[in-house]
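Enquirer: prediction below, plus the sequence it came from.
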Amino acid sequence: MWGLDFSTLDWNEIGVASLDTLKMLGASAVFTLILGLPLGVLLYQTSRSTNGWARTVYTILSVIVNILRSVPFIILILALIPLTVAIVGVSFGVLGTIPPLVIGAAPFFARLVETSLREVDRGVLEAAQSMGASTWQVIMKVLLPEARPGLLAGVTITVVTLVSYTAMSGMVGGGGLGDLAIRYGYYRYQKEVMIISVLAMIILVQVLQMAGDRLVKHFTRK
Amino acid sequence: MIELKQVTKKYGKGAKTTEALSGLDLTIRKGEIFGVIGHSGAGKSTLIRCMNLLERPTSGEVWVDGVDLTKLNKQQLQSKRRGIGMIFQHFNLLSSATVYDNIAFPLRLAHMGKEEIEAKVNDLLHLVGLEVHRDKYPAQLSGGQKQRVGIARALASDPQVLLCDEATSALDPQTTDSILRLLLDINEKFHLTIVLITHEMHVIQSICDRVAVIHQGGIVEQGAVTEVFLKPQHPVTREFILGQAGESAQLALQAPHDGSSRLCKLTFLGEKTYDSILSRTARESGVDFAILQGTISKIKDIPYGQLIVRLEGEPGQIEQTINKVTSEGLDVEVLD
Ligand SMILES: Nc1ncnc2c1ncn2[C@@H]1O[C@H](COP(=O)(O)OP(=O)(O)OP(=O)(O)O)[C@@H](O)[C@H]1O
Ligand SMILES: [Mg+2]
């Protein structure tokens, strides 16, 4: 079929690459959420504040986030090599891709968090304040639960974006499906490997998106 | 219970400053239902939001139950606010929480134990008549039911004061009445001080003891509802009340009369409303009267009647009638 021969494929290698992709994705997603969520809350809180000091914090954070978001991911990987080595000891392989993935995706996720927090009705926040809630209580018991559907949608978008980032990190020897597709498919003209790798990533994205949509639907109360 | 002293609130800076409240003084007594009425933009919401410092006054003092809120630090203010419940025009319920969890919310904020919360919330659900809806989400409730949840939530922390910002403005007339009745019940049962903001005279008339009229950031008139309602002094107050009595009062004032007749407005209050004072007096003095317009209604639970009549007869006779009626305890205002 179209001159393709799938019989010679090394399924073992594809299996290993899939697993690597999942590892990168899992680890980077976890750290992205851990870093991005508080950052998003901080952006939201400081942007709303009337306090001059908080406004300054917002401006600085905002500029940093914008810079990180505007640098192409592939360049970010290269630029971050020293930092990556400092954090995880290596700059390649599954481990070496995680810091750039997180640093690339966390600001993106933080913006999504900030946006979904802005959607929360101010009246509800005020009601909580009128009941004597502290700022921390307002964040934990009102802001985040009320924004949950939006936050979950943001998580989905971020994780899907991370899938394509992991593929890009293949360019610099990151391992995983993207790496496989480029090494075999692109450099050695083994189209079959490329097709299977890409197919696997498409399925991955589909599954993630569907799971995310379901969660969002489950938690939507409006 | 609540005392505002020289409260001023300005929004914005420089040339764009708007003064929402200008040096306003107000005293609200313990256990009363106090209404504040005013047109849109008069400063009503700003005023009530100053009472729990959701809005911090630019200057002035806000005393609640013997404490000046403006002098408290953050923690003190938070704990003080637990004693001041608030309900809102748009309910402001947590959309992600069930009715039960919404009512339990202030109790969880105060770290109350689980069993205690359960017992308390069940009591409140019973009080507002929402037992069967305990596991629903706000989106599944009607406006009136949402406001009941709001009321239960506000009462959960056993406040001494309940602030209501246009609590019935998003509801239809029947639902409004049922919510007002609930507020009245609560006021009587728990001796709760209620402050109520509205732009509807009907709301004031139904449940308030005293009322203040706010206009352009200042109180232009205040007093017992019977007083303010039946004898409004300020044009804005008259406007609100006339808006209710409608055109018929206007028409009555245009009724023809000459030197041998006078237009009077008679006000009956309390039990006198049901007495036949006017016809008795007229019979005795030989004066005729035509009723041009009349109302009989209630202010909270006090009945009142108001008649616009044309008295016909000798000037002396009319004078005598007016004096007699006044001495019987009616209020007479000669309109021409
Ligand atoms: N956050 C704000 N920023 C700037 N101006 C404000 C703000 N809130 C209120 N104002 C202004 O203060 C004045 C009083 O507003 P307020 O909301 O207290 O009126 P209101 O009597 O509650 O009106 P309504 O019946 O429409 O709710 C208005 O002129 C309004 O434009
Ligand atoms: Mg208002």
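Expert: All right, it came through fine. Residues are numbered from 1 along each chain as shown, chains lettered A, B, ... in the order given. Ligands and ions are numbered 1, 2, ... in the order given.
Enquirer: of all of the stretch 151-300 of chain B, which residue lies closest to ligand 1?
Expert: Using CB to the nearest ligand atom, the single residue of the stretch 151-300 of chain B nearest to ligand 1 is residue B:199, 5.4 Å away. Where C-beta positions appear, they are placed from N, C-alpha and C, glycine not excepted.
Enquirer: over to residue 115. Which of the three states is it?
Expert: All of this is about chain A. Three-state call for residue A:115 (DSSP: H, G, I helix; E, B strand; the rest coil): helix.
Enquirer: chain B is the one I meant
Expert: helix.
Enquirer: tell me where chain B has helices.
Expert: Ranges of helices in chain B, per DSSP state H, are B:44-50, B:74-81, B:99-109, B:114-128, B:143-155, B:173-190, B:201-207, B:225-230, B:235-245, B:247-253, B:277-285, B:315-327.
Enquirer: next, the angle helix B:143-155 makes with the longest one.
Expert: Compare the direction of helix B:173-190 with that of helix B:143-155 by axes from the mean of the first three to the mean of the last three CA atoms, to 10 degrees and you get 20 degrees.
Enquirer: give the next helix or strand downstream of the helix or strand of chain A with the lowest mean pLDDT.
Expert: Using mean pLDDT, DSSP states H and E, the weakest-scoring helix or strand in chain A turns out to be helix A:177-180, at a mean of 84. Later in the chain than helix A:177-180, the nearest helix or strand by DSSP states H and E is helix A:191-219.
Enquirer: residues from chain B in reach of chain A?
Expert: Residues of chain B lying near chain A by CB under 8 Å from any CB of the partner chain: B:52, B:54, B:74-75, B:78-82, B:84-86, B:88, B:90, B:92-97, B:105-106, B:108-110, B:137-139, B:153-154, B:157, B:163.
Enquirer: now those residues: which count as buried?
Expert: Taking 16 or more other CB atoms under 10 Å in any protein chain shown as the criterion, what is buried in the residues of chain B next to chain A is B:52, B:54, B:78, B:80-82, B:84-86, B:88, B:90, B:92-97, B:105-106, B:109, B:137-138, B:153-154, B:157, B:163.
Enquirer: what parts of chain A come near chain B?
Expert: So chain A meets chain B at A:121, A:123-124, A:126-134, A:137, A:141-142, A:145-146, A:148, A:219, A:221-222 (CB under 8 Å from any CB).
Enquirer: select only the buried ones of these in PyMOL?
Expert: Here is the PyMOL command that selects the buried residues among those (16+ other CB under 10 Å):
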select buried, chain A and resi 124+126+127+128+129+130+131+132+133+137+141+142+145+146+148+221
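Enquirer: among the residues of chain A next to chain B, which lie within helices?
Expert: Counted as lying in helices by DSSP H, out of the residues of chain A next to chain B, are A:123, A:124, A:126, A:127, A:128, A:129, A:130, A:137, A:145, A:146, A:148, A:219.
Enquirer: just the pLDDT at the first one, thanks.
Expert: In other words, residue A:123. Looking at residue A:123, its pLDDT is 94.
Enquirer: wouldn't the residue of the stretch 151-300 of chain B closest to ligand 1 be in contact with residue B:44 here?
Expert: Yes. Between residue B:199 and residue B:44 there is a contact at 7.5 Å, judged by CB atoms under 8 Å.
Enquirer: part of a helix, is residue A:39?
Expert: Yes. Secondary structure of residue A:39 (three-state DSSP): part of a helix.
Enquirer: quick check: the residue lying closest to it once chain neighbours are set aside vs chain B, distance?
Expert: Spatial nearest neighbour of residue A:39, chain neighbours left out: residue A:110 (3.9 Å); criterion: CB to CB, 6 or more residues apart in numbering or on different chains. Look at residue A:110 and chain B: by CB to the nearest CB, to the nearest Å, they are 22 Å apart.
Enquirer: where's residue A:110 relative to residue A:117, distance?
Expert: Between residue A:110 and residue A:117 the computed distance is 11 Å (CB to CB, to the nearest Å).
Enquirer: find the residues that touch each one of the two.
Expert: Common neighbours of residue A:110 and residue A:117 are listed as residue A:40 (criterion: CB atoms under 8 Å, 6 or more residues apart in numbering or on different chains).
Enquirer: those two: who's more crowded?
Expert: residue A:110 (27 against 23; other CB atoms under 10 Å in any protein chain shown).
Enquirer: now do whatever helix or strand the more buried one lives in against helix A:122-130, angle only.
Expert: Applying DSSP H and E as the criterion places residue A:110 in helix A:93-118. If you take the same axes, to 10 degrees, helix A:93-118 sits at 90 degrees to helix A:122-130.
Enquirer: and helix A:93-118, which residues are buried?
Expert: A:93-114, A:116-117.
Enquirer: circling back to that earlier point, compare residue B:199 and residue B:44 (neighbour count), which wins?
Expert: Taking neighbours as other CB under 10 Å, residue B:199 and residue B:44 compare with residue B:44 leading, 22 against 16.
Enquirer: contacting residues for that one?
Expert: B:36, B:37, B:38, B:165, B:166, B:197, B:198, B:199, B:214.
Enquirer: how about the fifth one: what's its closest non-neighbour residue?
Expert: Right, residue B:166. residue B:89 (3.9 Å).
Enquirer: same thing with the last one?
Expert: The spatial neighbour of residue B:214 that comes closest, neighbours along the chain excluded (CB to CB, 6+ apart), is residue B:38 at 3.7 Å.
Enquirer: any idea how far residue A:215 is from the one you found?
Expert: In this view, residue B:38 and residue A:215 are 46 Å apart by CB to CB.
Enquirer: more crowded one of the two?
Expert: residue B:38 (25 against 16).
Enquirer: ok, the more buried one - contacts?
Expert: Residue B:38 makes contact with B:44, B:199, B:213, B:214, B:215, B:236, according to CB under 8 Å, 6+ apart.
Enquirer: return the member of the residues you listed nearest to chain A.
Expert: Taking CB to the nearest CB as the measure, chain A lies nearest residue B:44 of these, at 15.8 Å.
Enquirer: hmm, back to that, quick one: mean pLDDT for the helix holding residue A:110?
Expert: Helix A:93-118 comes out with an average pLDDT of 93.
Enquirer: what does stretch B:152-165 give?
Expert: Here the average pLDDT along stretch B:152-165 is 94.
Enquirer: look up how far residue A:51 lies from residue A:113.
Expert: 21 Å.
Enquirer: let me fix that: residue B:312
Expert: 72 Å.
Enquirer: okay, these two: which has more neighbours?
Expert: Taking other CB under 10 Å, residue B:312 and residue A:51 do not tie; residue B:312 has more neighbours (17 against 11).
Enquirer: find the centremost residue of chain A, please.
Expert: The residue lying closest to the centre of chain A (CA atoms, centre = their mean) is residue A:158, at 3.7 Å.
Enquirer: am I right that that residue is in a helix?
Expert: Yes. Checked against three-state DSSP, residue A:158 lies within a helix.
Enquirer: what's near enough to touch the closest residue to it other than its chain neighbours?
Expert: Spatial nearest neighbour of residue A:158, chain neighbours left out: residue A:109 (4.3 Å); criterion: CB to CB, 6+ apart. Counting by CB under 8 Å, 6+ apart, residue A:109 touches A:32, A:33, A:36, A:37, A:40, A:154, A:155, A:158.
Enquirer: how does it look with 10 Å?
Expert: Residues near residue A:109 by CB atoms under 10 Å, 6 or more residues apart in numbering or on different chains: A:29, A:32-33, A:35-37, A:39-40, A:102, A:151, A:154-155, A:157-159, A:161-162.
Enquirer: with residue A:22 instead?
Expert: By CB under 10 Å, 6+ apart, residue A:22 lies in contact with A:94, A:166, A:176, A:177, A:204.
Enquirer: where does the prediction get shaky in the chain?
Expert: No chain was given, so I picked chain A. A:1-2 (pLDDT under 70).
Enquirer: not what I meant, chain B
Expert: B:243-249.
Enquirer: and it, what are its domains?
Expert: Chain B breaks down by automatic domain parsing into domains covering B:2-242, B:246-334.
Enquirer: no further questions, thank you.
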